[in-house]
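Peer 1: Sharing a model prediction with you, sequence too.
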Amino acid sequence: MEQPPRLLELVRRSLRTEHYSPRTEAAYTAWIVRFVLFSGRRHPRELGAADVERFLNHLDNEGRVAAATQNQALAALLYLYRKVLGIDLPWLDGLVRIPQRPRLPVVLSKGEVAAVLAELHGTVRQIAGLLYGSGLRLLECLHLRIKDVDFDRQAITVRSGKGDHDRQTLLPAPLRADLLRYRDQLDRLHRQDLRCGAGWVELPHALAAKLPHAGRQWAWQWFFPATRTYLHEPTGQRRRHHFHETAVQKAVHDAVLRSRIAKRATCHTFRHSFATHLLQDGTDLRTIQKLLGHADVRTTMVYTHVLDRGPFGLRSPLETLDLAAPLATASRTRLAAAGGQEPLDATEFDSSAEETAQGDDR
């Protein structure tokens, strides 16, 4: 007799049926496992709203997690009960919600961006150049296919970005020549893979069933492929994955340290810097919103707080003062009070005494 599927398998099936991303699936299942372990390995059917409240309050009191982390855990447990187990939890009145405090993004100046890029080389430098020059998220950049980079129109198409939306952004002109040469190298690599019986890539959704041979076509190859191939056991295909995100993250981290920049800059900092620098150069918020793929312009407005002229791009009133004139007036006042001779202040006296002592030593 076939055994019923386990709880986590039911969760995964439900998430995949509703087309949740693999990262959301991994996050939700991890939170469900933590909840079960926290509750003494009891099945969630035996638990209720009070147990969910206790777990989430524990994350706040003991785990000291951020508000977004608690919200993600709550979303995972609500999905488990409502979508998988078919149990509608009553309103969690005893839940202490962590307040959501706005945080300003870390932004690099143009000089700092140039310093970090100068410390990068090879494929990672090209990826970082697109993160800054096109405002891409890291995985959006690594998921680009050959067909998504249009050199004639100088445009990049992001497929299934955050929120499963498509959008277009610009292809930086300074990178065009290097990326064209890089694409020629990829073409030779792909032809070599085809001769060796490889050349396959993973295709999105059910496209492999609709177009069985598309996985070996040039247009569907990753723009930033991995250096090694692997055997996909279910199909027996020799495939290439895209360049792994951890390799880029480590290279950028090391480049920031070598450039001696006193900021906690990551791959995502390039995207923040892209938006901020466009705003500084006079680009309107709506255009930046479209390039970044933000659903709400209020999300884009955070970059008005991090302009290089201080918050909101304002100048300090201290910059409008002529500090030389008051200092000259004060000096004349001191001279008049001293009978035409300005006395030495303490620092000047100490300096003179030190010079005299040094002269006596000589």
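Peer 2: Received it, and whenever you're ready, just let me know what you need. Residues are numbered from 1 along each chain as shown.

Peer 1: Number of residues surrounding Leu142?
Peer 2: 22 (other Cβ atoms under 10 Å). Where C-beta positions appear, they are placed from N, C-alpha and C, glycine not excepted.

Peer 1: which stretches of the protein have low pLDDT?
Peer 2: Under the criterion pLDDT under 70, the flagged ranges of the chain are 1-4, 306-316, 318-320, 322-362.

Peer 1: could you pull out the strands for it?
Peer 2: Applying DSSP state E to the chain gives strands spanning 149-150, 155-158, 167-170, 225-232, 237-242.

Peer 1: now for these, which one comes closest to Glu9?
Peer 2: Closest of the strands of the chain to Glu9 is strand 225-232, at 21.5 Å (criterion: Cβ to Cβ).

Peer 1: who's in contact with that closest one?
Peer 2: With contact meaning Cβ atoms under 8 Å, 6 or more residues apart in numbering, strand 225-232 is reached by 186, 189, 193, 198, 200-202, 237-244.

Peer 1: surely Arg216 meets Gly199?
Peer 2: Yes: the pair Arg216 / Gly199 is scored as a contact, 4.7 Å apart, by Cβ atoms under 8 Å.

Peer 1: With neighbour numbers in mind, choose between these two.
Peer 2: Remark: of Arg216 and Gly199, Gly199 carries more neighbours, 22 against 17, as counted by other Cβ under 10 Å.

Peer 1: contacting residues around the closest residue to that one other than its chain neighbours?
Peer 2: In space, and not counting its chain neighbours, Gly199 is closest to Asp193: 4.0 Å by Cβ to Cβ, 6 or more residues apart in numbering. Applying Cβ under 8 Å, 6+ apart to Asp193 gives the contacts 199, 229, 238, 240.

Peer 1: Return the distance of the closest residue to Ile98 other than its chain neighbours relative to Pro99.
Peer 2: Nearest residue to Ile98 in three dimensions, chain neighbours excluded: Ala67, at 4.1 Å (Cβ to Cβ, 6+ apart). Distance, Ala67 to Pro99, by Cβ to Cβ, to the nearest Å: 6 Å.

Peer 1: neighbour-wise, which of those two wins?
Peer 2: The residue with more neighbours, out of Ala67 and Pro99, is Ala67; 13 against 6, by other Cβ under 10 Å.

Peer 1: Return the distance of the more buried one relative to Pro102.
Peer 2: From Ala67 to Pro102 the distance is 11 Å (Cβ to Cβ).

Peer 1: same deal with Gln237?
Peer 2: 47 Å.

Peer 1: Just want to know which of these two has more residues nearby.
Peer 2: Gln237 (19 against 6).

Peer 1: hey, what's that one bridged with?
Peer 2: Taking DSSP bridges, one obtains His232 as the residues bridged to Gln237.

Peer 1: Out of the contacts of strand 225-232, flag the one nearest to Asp51.
Peer 2: His244 (38.0 Å).

Peer 1: what residues are up against that closest one?
Peer 2: So His244 contacts 142, 226 (Cβ under 8 Å, 6+ apart).

Peer 1: one step back: just the buried subset of the contacts of Asp193, please.
Peer 2: Those of the contacts of Asp193 that meet the buried threshold are 199, 229, 240, by 16 or more other Cβ atoms under 10 Å.

Peer 1: Which one of the contacts of strand 225-232 is nearest to Arg6?
Peer 2: Checking these against Arg6 by Cβ to Cβ gives Glu202 as the nearest, at 26.2 Å.

Peer 1: for the protein, longest helix please?
Peer 2: In the chain, with assignment by DSSP state H, the single longest helix is helix 173-195.

Peer 1: Output that helix as CSV, restricted to C-alpha atoms.
Peer 2: Taking Å, rounded to 0.1, in the frame of the first residue of the first chain, the C-alpha atoms of helix 173-195 are listed here in CSV:
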residue,chain,number,x,y,z
ALA,A,173,27.1,51.7,-24.2
PRO,A,174,30.5,51.4,-22.6
LEU,A,175,30.0,47.7,-22.1
ARG,A,176,28.7,47.0,-25.6
ALA,A,177,32.1,46.2,-27.3
ASP,A,178,33.3,44.0,-24.5
LEU,A,179,30.0,42.1,-24.3
LEU,A,180,30.0,41.5,-28.0
ARG,A,181,33.5,40.0,-27.8
TYR,A,182,32.4,37.9,-24.8
ARG,A,183,29.3,36.7,-26.8
ASP,A,184,31.6,35.5,-29.6
GLN,A,185,33.6,33.5,-27.1
LEU,A,186,30.3,32.0,-25.8
ASP,A,187,29.4,31.0,-29.4
ARG,A,188,32.6,29.1,-29.8
LEU,A,189,32.1,27.4,-26.4
HIS,A,190,28.6,26.4,-27.4
ARG,A,191,29.7,24.9,-30.7
GLN,A,192,32.3,22.9,-28.8
ASP,A,193,29.7,21.6,-26.4
LEU,A,194,27.5,20.6,-29.3
ARG,A,195,30.3,18.6,-30.8
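
Peer 1: State the distance from the residue nearest the centre of the chain to Glu46.
Peer 2: When Cα atoms, centre = their mean is applied to the chain, the residue found nearest the centroid is His268 (2.7 Å). The gap separating His268 from Glu46 is 41 Å, by Cβ to Cβ.
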